[in-house]
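Return a 3D structure for these sequence lines:
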Amino acid sequence: MVWTRWAGPALLMATACRTPTPTPTADAAAPSAGALASSVPAAPALNAPPGETAPKIGALPPAPPLCLDDGWCWQSPLPQGNVLSAVWGTGDRAWAVGKSGTILSWDGKGWAFEASGTEEDLLAISGTGPDDVWAAGAHGTVVHRDGKRWQPQKTGADVGLNGIWALDPKHVAAVGKDGVALVFDGTTWKKQATGVGFELKGVWGSGKTWVAVGRSGSVVRNDGSGWRSESIATTPYLRAVWGSAPDSIFAVGTPGDPLFRFDGKSWKPMPAGTNQSRRAIFGASAKDVLAVGDRGTLTHFDGERWTADGSVPAVEAGGLWMSPKLAIVVDVDGRTFIRQGGAWSGYESPTYARLLGIWGSGKNDVWVVGDRGTLLHFDGASWKTAPSPTSEYLSDVAGRGPNDVFAVGVKGAILHYDGKAWQRQESGTTEALGGVWCSATSAIAVGRSGVILRHDGSTWKREASGTTEFLNDVWGASPDRVFAVGERGTVAFFDGKAWSSIPSGTKANLNAVWGSSDRDVFAVGSEGTVIRFDGVRFSPIKKGLEALAAKNQILHDVWGTSPTDLWAVASGGKVFHFDGRAWRASTSRGGLVLTGIWGSTADDVYAVGWDGAVLHRAPPK
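The predicted model follows:
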């Protein structure tokens, strides 16, 4: 299993530095395990700054799993794991929007998916009531809810929209990249010049006036006669704006910058109660306003001053909405936090770790491994984390049965589970290990610098691989028919005596391998690459993956039950299925990045990935 990333090594550990908009996508030039391994320190806990304890909040009652396309349902995190960028509500109703057209609706008791009519990322939401809700996002996307369903709107624009605000059903403004503003007059959307070239991040309005803010201290106002620029003393990165009246408007932004207030005459800085970044702001009244920022830091305005108001265990809050009785914060890892009766609550989830590999001995015995030594187990009823003897990244897991399981990772880490506890084993190498496979008589681990290790039942011994490329994964049809794949199209084959090279026909990085026999082997990798071995040679399979290849996106793992029932996962939360003729997209809403896939049967399949993502697919009941 490979850890191919969509950006540089820093992002492997800097989860708190992610920007929720736009959603990250795969990069064909992204470094794979070979570039990232062995030098990456463990990331800080997602729920708290380094050295600090995550804030305690109440637990919402367990809710039924939220299900996506094609039978895939979320098991972790809960309620779901797609990026959430914004939230808005009215009364006890609320809607949250995010990645790939995700829309969640809150009915006062729980969340449910609503069909948005788009697969574009949605980044902002506003409305005037439950029968008039607007959401905006990537590529000029705007969708409208009329009380019954969401319908796409024709804006005529192809630009990212970061903010939207409805004054009434016939007056709506959306703002975004390059200072663009789109205004709806009840019939059509029209592009208007704002006079600024910087990206606008948020918009708010009252009466007949809109105010928008953005990068480099940009503030523009439209009172019905066109947009005009307003002056702020410094040039902060302003991310959000909200006001209780035209003469009481707040703009918030980056760390260290003050919070700004418009008093009807000019914008003035004021103490903000914290130096954390503030990403969203909303109020129930002039004397009850909340702002939320990085790590869920909350600040409150009581009509006179801003003060610290605790925090929720968020990574990077995507949005905030509140009323006198209800407040909701949504996070970039899909979490939602609800304040009712003065106390914050959220859903308990099995983990928020970056999950990298999955294997099981059956439907009631499934192991998942990930960053910081994460070991997650499913016993048929629930997911639980197991004590781990390492804090290193674990990249893959495989076994021979419930009492004989191996996990491998960076710095030559190898763990073994005997049915009672995980223990470290001496690997004899400090190279990062990317994949592991088990036969009835031995186990094989592969990794950086062409490392191949074999466990003979007592010790691990190195074998000559014939390559120095990073080997990302390994799979065998039998002990004397084993395939290892890696960087630059490398394929190594073991015939029972020695390892030798097989031409793959590609220079793409190969990240994972699986087969139904030694004459039917599949490997997947970068640039949407899939190749198939028929016992003589490898050939590419491209049908159904053209869009993935065009975007240079990465396939991370592959698994199946037969040559006509194959699954693969990719960056962008994508899952694909192969029926023996062509690949088809099963879902594109599986979180940020999916890195592993495995199943006990054709009707019991799991996909895992970043931010604790665990998706399960089972036949309809």
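
Strands of the stretch 501-621 of the chain, start to end?
Listed in chain order, the strands of the stretch 501-621 of the chain (DSSP state E, counting those that start in this stretch) span 510-517, 520-525, 530-533, 538-540, 555-562, 565-570, 574-578, 583-587, 594-601, 604-609, 613-617.

I'd like those as JSON lines, with distance to residue 216, mean neighbour count and mean pLDDT appended.
The C-beta positions use only the backbone N, C-alpha and C, and glycine is treated the same way. Below are these laid out as JSON lines (distance: least, C-beta to C-beta, whole Å; neighbours: other C-beta atoms under 10 Å; pLDDT from 0 to 100):
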{"stretch": "strand 510-517", "distance to residue 216": "40", "mean neighbour count": "24", "mean pLDDT": "98"}
{"stretch": "strand 520-525", "distance to residue 216": "40", "mean neighbour count": "26", "mean pLDDT": "98"}
{"stretch": "strand 530-533", "distance to residue 216": "44", "mean neighbour count": "22", "mean pLDDT": "98"}
{"stretch": "strand 538-540", "distance to residue 216": "47", "mean neighbour count": "15", "mean pLDDT": "97"}
{"stretch": "strand 555-562", "distance to residue 216": "38", "mean neighbour count": "23", "mean pLDDT": "98"}
{"stretch": "strand 565-570", "distance to residue 216": "36", "mean neighbour count": "25", "mean pLDDT": "98"}
{"stretch": "strand 574-578", "distance to residue 216": "35", "mean neighbour count": "23", "mean pLDDT": "97"}
{"stretch": "strand 583-587", "distance to residue 216": "38", "mean neighbour count": "19", "mean pLDDT": "96"}
{"stretch": "strand 594-601", "distance to residue 216": "36", "mean neighbour count": "23", "mean pLDDT": "97"}
{"stretch": "strand 604-609", "distance to residue 216": "35", "mean neighbour count": "26", "mean pLDDT": "98"}
{"stretch": "strand 613-617", "distance to residue 216": "35", "mean neighbour count": "26", "mean pLDDT": "96"}
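
and residue 329, which of those strands is closest to it?
The closest of the strands of the stretch 501-621 of the chain to residue 329 is strand 613-617. By C-beta to C-beta, the value is 20.2 Å.

Let me have the strands of the stretch 501-621 of the chain in CSV, adding distance to residue 220 as columns.
Below are these laid out as CSV (distance: least, C-beta to C-beta, whole Å):
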stretch, distance to residue 220
strand 510-517, 46
strand 520-525, 46
strand 530-533, 48
strand 538-540, 51
strand 555-562, 42
strand 565-570, 39
strand 574-578, 37
strand 583-587, 39
strand 594-601, 40
strand 604-609, 39
strand 613-617, 38
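
tell me the contacts of the residue nearest to residue 146 when sequence neighbours are not counted?
Among residues not flanking residue 146 along the chain, residue 131 sits closest, at 6.0 Å (C-beta to C-beta, 6 or more residues apart in numbering). Going by C-beta atoms under 8 Å, 6 or more residues apart in numbering, residue 131 touches 145-147.

are any of the residues you listed buried, and which?
The neighbour count (16 or more other C-beta atoms under 10 Å) marks residue 145 as buried among the contacts of residue 131.

Filter the contacts of residue 131 down to the ones in strands?
Counting by DSSP state E, the contacts of residue 131 place residue 145 in strands.

between the contacts of residue 131, which is nearest residue 251?
residue 145 (27.6 Å).

Leaving out sequence neighbours, find the closest residue to the closest one.
Closest residue in space to residue 145, ignoring its immediate chain neighbours: residue 133 at 4.0 Å, by C-beta to C-beta, 6+ apart.

In this structure that neighbour contacts residue 149, no?
No - the criterion here is C-beta atoms under 8 Å, and residue 133 misses it with residue 149 at 11.1 Å.

for the contacts of residue 131, which one is nearest residue 404?
Using C-beta to C-beta, these come closest to residue 404 at residue 145, 53.0 Å.

That closest one bridge partners, please.
Residue 145 has these beta-bridge partners by DSSP bridges: residue 133, residue 150.

show me the residues around it that make contact.
Here residue 145 is in contact with 95, 114, 127, 130-135, 151 (C-beta under 8 Å, 6+ apart).

about what we covered before: the more surrounded of residue 133 and residue 149?
Neighbour totals were compared for residue 133 and residue 149, and residue 133 leads with 26 against 12 (other C-beta atoms under 10 Å).

For residue 143, see how far away that one is.
Counting by C-beta to C-beta, to the nearest Å, the gap from residue 133 to residue 143 is 9 Å.

got it, and residue 542?
For residue 542 relative to residue 143 (C-beta to C-beta), the value is 33 Å.

if you count what's nearby, which of those two comes out ahead?
Using other C-beta under 10 Å, the more surrounded residue of residue 542 and residue 143 is residue 143, with 24 against 13.

And that one, what's its pLDDT?
pLDDT recorded at residue 143 is 98.

Can you show me the CA trace of the helix or strand it falls within as PDB?
Taking DSSP states H and E as the definition, residue 143 sits inside strand 142-145. Output in PDB follows, covering the C-alpha atoms of strand 142-145 (Å, rounded to 0.1, in the frame of the first residue of the first chain):
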ATOM      1  CA  VAL A 142     -25.400  28.000  -7.700                       C
ATOM      2  CA  VAL A 143     -28.200  25.700  -6.500                       C
ATOM      3  CA  HIS A 144     -31.500  26.800  -5.000                       C
ATOM      4  CA  ARG A 145     -33.900  25.000  -2.600                       C
END
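
Backbone dihedrals for residue 70, please?
phi 60, psi 30 (degrees, to the nearest 10).

can you tell me which residues contact the closest residue to it other than its chain neighbours?
What sits nearest to residue 70 in space, not counting adjacent residues and going by C-beta to C-beta, 6+ apart, is residue 586, at 4.5 Å. Contact analysis of residue 586 by C-beta under 8 Å, 6+ apart lists 69-70, 72, 567, 575-577, 617.
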